[in-house]
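>>> with the input below, show me the fold.
(one chain, ligands or ions: 1)
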Amino acid sequence: MDTSSIVILDFGSQYTQLIARRIREQNVFSAVLPCTASLEEIQAYKPCGIILSGGPSSVYDADAPPADPRVLDMGLPVLGICYGLQFITYHLGGKVRSAEKREYGHAEAYIEDVANPLFAGLPASVNVWMSHGDEALELPPGFRRIAKTANAIAGIANPERRIWAVQFHPEVRHTAHGAELLHNFVFHICQAKPDWTPEHFIQSTVNAIREKVGDGHAICALSGGVDSSVAAVLVDRAIGDRLTCVFVNNGVLRKNEFFKVQENLREKLGLNLVAVDASSRFLSRLAGVTDPEKKRKIIGNEFISVFDDEAARILQSFGDSGKEVAWLVQGTLYPDVIESSSVKGPSQTIKSHHNVGGLPENMKLKLIEPLRDLFKDEVRRIGADLGMPQEILQRQPFPGPGLAVRIVGEVTPERVALLQEADDIVVTEIRNAGLYQQIWQSFAVLLPVKSVGVMGDQRTYAYTCAVRAVHSDDGMTADWVPLPYDVLKKVSSRIVNEVRGINRVVYDITSKPPGTIEWE
Ligand code: XMP
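Residues are numbered from 1 along each chain as shown. Model (predicted):
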């Protein structure tokens with residue numbers, strides 16, 4: 001890595017990713033590694049500083065995360081945050097105890113060492129966010145207290161050893177001046193350079209792909225969404241038409257999507273694209289299936305099989321040289337990478353997500369994942385710098401199994417057609433109200449519930465449609481959106497009037513948890 005970087009060791013805090021984001025916002029690359037990473041793995045990033053995150057454990061727990069304390073002796077500046085402070089205290093000979101008064105929420109921190117470079121530019125008293133059960137009781141030799149709250153030690157330092165630590169969380173927005181504190185650590189203490197910029201990322205990624213692929217060929221499964229499109233454009237920049245993109249119609253796309261996405265990818269992005277209409281294949285496999293997990297598995301497996309067939313055809317067209325040097329492009333993002341290596345291990349499967357993640361094992365192709373260091377909003381920034389249209393970059397997420405997980409019960413061609421119409425009305429009206437980009441996802445769900453209605457003096461007996469709109473940062477949690485009544489009114493009246501087969505519209509007011517965003 002030829003840019004400055006900061007390594008964050010993750011002790012399992014819910015805020016660890018936020019630390020990385022705050023540092024990257026200052027144009028410095030930061031990588032989150034599990035706290036169990038070896039010194040060699042840390043050194044591979046050539047970091048100019050190390051941050052130890054917070055975490056739920058106590059240093060005295062039998063199952064406390066087994067991090068290597070030699071990380072404190074690497075000669076690099078270290079900043080401990082919350083559990084990170086306790087880790088430093090404990091391993092360097094101080095004492096930690098269970099706090100008499102648990103601090104959770106806002107607290108006032110008093111800076112005692114105002115000249116400390118960590119606190120440059122900060123006022124003498126700062127409102128900070130605390131979330132801890134343990135606290136430092138006795139400092140290790142050579143350390144001194146640099147900040148305190150009414151109840152606890154809030155900051156410690158040993159400038160000779162270049163180790164600093166705070167008990168509060170500077171990475172959360174609730175901590176006033178938190179970003180400045182991290183800025184001070186990264187620039188004043190670690191002497192990092194702000195060289196992690198979109199132009200630099202694009203240039204170095206394109207060069208690296210060119211070098212990796214050489215004269216070879218690559219294929220990419222495109223969904224038309226932000227991640228796979230940006231990944232494809234980067235690879236296209238590097239190897240041009242030696243990249244072939246494959247876009248599959250699985251029969252459960254949104255209204256006109258098969259054509260719109262082709263137009264976007266071919267005409268607006270100039271990608272070399274093969275579009276495969278496999279809708280009847282998918283829909284016949286889905287006939288009679290009502291179980292959500294079965295639907296997901298069928299679509300996932302069928303996708304792999306369609307893509308396999310296409311890939312074999314494409315590889316054949318490359319001739320012998322192409323077959324030997326074939327790569328698969330994937331739009332894997334950083335949160336997926338961190339998730340799979342987190343100290344907490346894989347979480348319980350709520351839904352088996354379908355994306356192209358299952359492909360390589362099956363296909364034995366070498367992987368190119370140009371976005372595996374980026375968060376979603378960084379991908380959008382890169383896409384904008386690549387000159388990609390906002391229409392693609394600002395698209396709301398759409399699940400791999402498409403409308404199949406928004407049709408409760410059996411998926412039939414008639415139900416897909418009904419939902420496509422209703423969904424199109426929801427999205428159009430939300431766009432017309434200027435709300436599309438402010439909302440994480442907004443869509444319609446078709447319920448297998450029929451109810452009685454009356455239209456034009458006629459009795460109707462038709463399906464129910466639910467409208468769902470949620471705010472979210474990452475899809476892990478979500479809040480339902482209080483859409484304005486006039487938007488709901490328009491949506492409801494248009495669906496009932498224009499979609500023959502739906503006579504009732506309801507609004508889903510469930511957040512996640514306890515609901516999930518998709519209904520299945
Ligand atoms: P849930 O329904 O689990 O969804 O709250 C969280 C986010 O993930 C999207 N989603 C998927 N994305 N493949 C995907 O690529 C899938 O199988 C899949 N299932 C759900 C969902 O739209 C939401 O943004």
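
>>> quickly list the domain ranges of the chain.
The chain breaks down into these domains under automatic domain parsing: 5-189, 198-393, 413-507.

>>> SS state for the spatially most central residue of the chain?
Nearest residue to the geometric centre of the chain (CA atoms, centre = their mean): Pro335, 4.7 Å. At Pro335 the chain is in helix, as set by DSSP: H, G, I helix; E, B strand; the rest coil.

>>> would you point out which residue of the stretch 151-300 of the chain is nearest the ligand?
Closest to the ligand within the stretch 151-300 of the chain is Arg296: 6.2 Å, counting by CB to the nearest ligand atom. Bear in mind the C-beta positions are built from the backbone N, C-alpha and C, glycine included.

>>> actually the stretch 1-150 of the chain, not the one I wrote
For the stretch 1-150 of the chain, CB to the nearest ligand atom, closest residue to the ligand: Gln17, 16.2 Å.

>>> what lies in contact with the host helix or strand of that residue?
Using DSSP states H and E, Gln17 maps to helix 16-24. By CB atoms under 8 Å, 6 or more residues apart in numbering, the residues outside helix 16-24 that reach it are 6, 8, 10, 29-32, 51, 53-54, 81, 170-172, 178-179, 182, 186, 196, 334-335, 338, 375, 378.

>>> keep only those of those that are in helices.
Gly178, Ala179, Leu182, Tyr334, Pro335, Ile338, Glu378 (DSSP state H).

>>> and for the residue of the stretch 151-300 of the chain closest to the ligand, the neighbour number?
20 (other CB atoms under 10 Å).

>>> looking at this, it is in a strand?
No: when three-state DSSP is applied, Arg296 is found to be helix, with no strand at that position.

>>> thought it was touching Pro401?
Yes: with contact defined as CB atoms under 8 Å, Arg296 and Pro401 form a contacting pair (5.2 Å).

>>> so who does Ile382 touch?
Ile382 touches Pro198, Phe201, Ile202, Val230, Leu234, Leu371, Leu374, counting by CB under 8 Å, 6+ apart.

>>> any weak-confidence spans in the stretch 1-150 of the chain?
For the stretch 1-150 of the chain, applying pLDDT under 70 flags the ranges 1.

>>> for the chain, same thing?
Looking at the chain by pLDDT under 70, you get 1, 320-325, 339-363.

>>> which strand runs longest in it?
In the chain, assigned by DSSP state E, the strand with the most residues is strand 95-111.

>>> mind giving me the packing neighbours of that strand?
Using 3 or more CB pairs under 8 Å, 6 or more residues apart in numbering; DSSP states H and E as the contact test, the elements touching strand 95-111 are helix 83-91, strand 125-138, strand 144-148, strand 153-158.

>>> mind doing that once more with 6 Å?
Packing partners of strand 95-111 (3 or more CB pairs under 6 Å, 6 or more residues apart in numbering; DSSP states H and E): helix 83-91, strand 125-138, strand 144-148.

>>> quick one, helices of the stretch 251-400 of the chain?
Secondary structure of the stretch 251-400 of the chain (DSSP state H, counting those that start in this stretch): helices at 257-263, 279-286, 292-324, 334-340, 359-363, 376-385, 390-393.

>>> export the ones you listed to a markdown table and tack on distance to Pro77?
Shown next, in a markdown table, are these (distance: least, CB to CB, whole Å):
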| stretch | distance to Pro77 |
| --- | --- |
| helix 257-263 | 47 |
| helix 279-286 | 54 |
| helix 292-324 | 45 |
| helix 334-340 | 23 |
| helix 359-363 | 38 |
| helix 376-385 | 25 |
| helix 390-393 | 36 |
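
>>> neighbours of Lys260, how many?
By the criterion of other CB under 10 Å, Lys260 has 14 neighbours.

>>> against Phe247, how distant is it?
Per CB to CB, to the nearest Å, Lys260 is found 11 Å from Phe247.

>>> also Tyr15?
Tyr15 is 38 Å from Phe247, by CB to CB.

>>> these two: who's more crowded?
Each of Tyr15 and Phe247 has its neighbours counted (other CB under 10 Å); Phe247 has more, 24 against 19.

>>> who touches the helix or strand hosting that one?
Assigned by DSSP H and E, Phe247 belongs to strand 243-249. With CB atoms under 6 Å, 6 or more residues apart in numbering as the test, strand 243-249 has contacts from 218-222, 232, 235-236, 258, 271-279, 306, 310, 314.

>>> could you find the closest non-adjacent residue to Lys101?
Among residues not flanking Lys101 along the chain, Asn151 sits closest, at 4.8 Å (CB to CB, 6 or more residues apart in numbering).

>>> ok, now Arg102?
That would be Gly133: by CB to CB, 6+ apart, it lies 5.3 Å from Arg102.
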